[in-house]
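> task: produce atomic coordinates for the following.
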Amino acid sequence: MNTQDSQLLADGSPPARPRDLLRRLEELEIRASTMHHPPVFTVEEAKALRGQIGGCHTKNLFLRNKKGAMWLVVCPEDRSIDLKSLATQLGAGRFSFCSADRLMKYLGVIPGAVSPLAIMNDTGRKVRVVLDRALLSAEALNFHPLDNAMTTAIHPGDFVRFLEAELHPPNLLRLD
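Residues are numbered from 1 along each chain as shown. The predicted structure follows:
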């Protein structure tokens, strides 16, 4: 596989860019605010750089089971997730983390930019979204808008509406 092919989605199209995502949010009449910052690759790096960005910051885990089924698990950044327990709760078997190639193929982002907003790239609806119910009570949710040098804040209700509009209704679970 050449480098150009590795940058394409499973359907053969190029992944959406941040401007495409922000345009989609506008189409859905979803208000969002986006801040630019140096690229971050981990929750710890994001904590050090974010300063006074309010709202809930998230951890996003892109997981698969032995059969290749995929889940994107979204929870508050400080939440510890027991993958074995979660896999049992979802009837998934055993979880492992997805590779960078799979991340690009289905969500169109690189490691460090994993975001539930990237679900817009999963046109084949292969990825299931799991949200921690605690997210719904936040004032705002913060995600990378397909680029880890930016953070977009969105209201939880609007975020769920976005997922539903992208034909990825979330599975709401208590992940504590």
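> please make it C-alpha for all contacts and neighbour counts, starting now.
Will do.
> show me what the longest strand seen in the chain is packed against.
In the chain, with assignment by DSSP state E, the single longest strand is strand 56-64. Judged by 3 or more CA pairs under 8 Å, 6 or more residues apart in numbering; DSSP states H and E, the packing partners of strand 56-64 are strand 70-76, strand 96-97, strand 141-143.
> out of those strands, deepest packed?
Highest mean neighbour count of those: strand 141-143, a mean of 24 (counted as mean count of other CA atoms under 10 Å).
> distance from the chain centre to the next helix or strand after it, please.
For strand 141-143, the following helix or strand on the C-terminal side (DSSP states H and E) is strand 150-154. With CA atoms, centre = their mean, to the nearest Å as the basis, strand 150-154 stands 12 Å off its chain's centre.
> in its sheet, which strands sit next to strand 150-154, and in what direction?
strand 32-36 (antiparallel), strand 141-143 (antiparallel) (DSSP bridges).
> now do the SS call for Arg102.
Recorded secondary structure, Arg102: helix (DSSP: H, G, I helix; E, B strand; the rest coil).
> tell me the pLDDT at it?
Here the pLDDT value assigned to Arg102 is 97.
> for it, list the residues it contacts.
Applying CA atoms under 8 Å, 6 or more residues apart in numbering to Arg102 gives no contacts.
> swap in Gly157?
So Gly157 contacts Leu136 (CA under 8 Å, 6+ apart).
> where does it fall, secondary structure wise?
Per DSSP H and E: helix 156-165 holds Gly157.
> mind checking how far the nearest residue to Ala10 once chain neighbours are set aside is from Asp11?
In space, and not counting its chain neighbours, Ala10 is closest to Lys105: 5.1 Å by CA to CA, 6 or more residues apart in numbering. Taking CA to CA, to the nearest Å as the measure, Lys105 falls 8 Å from Asp11.
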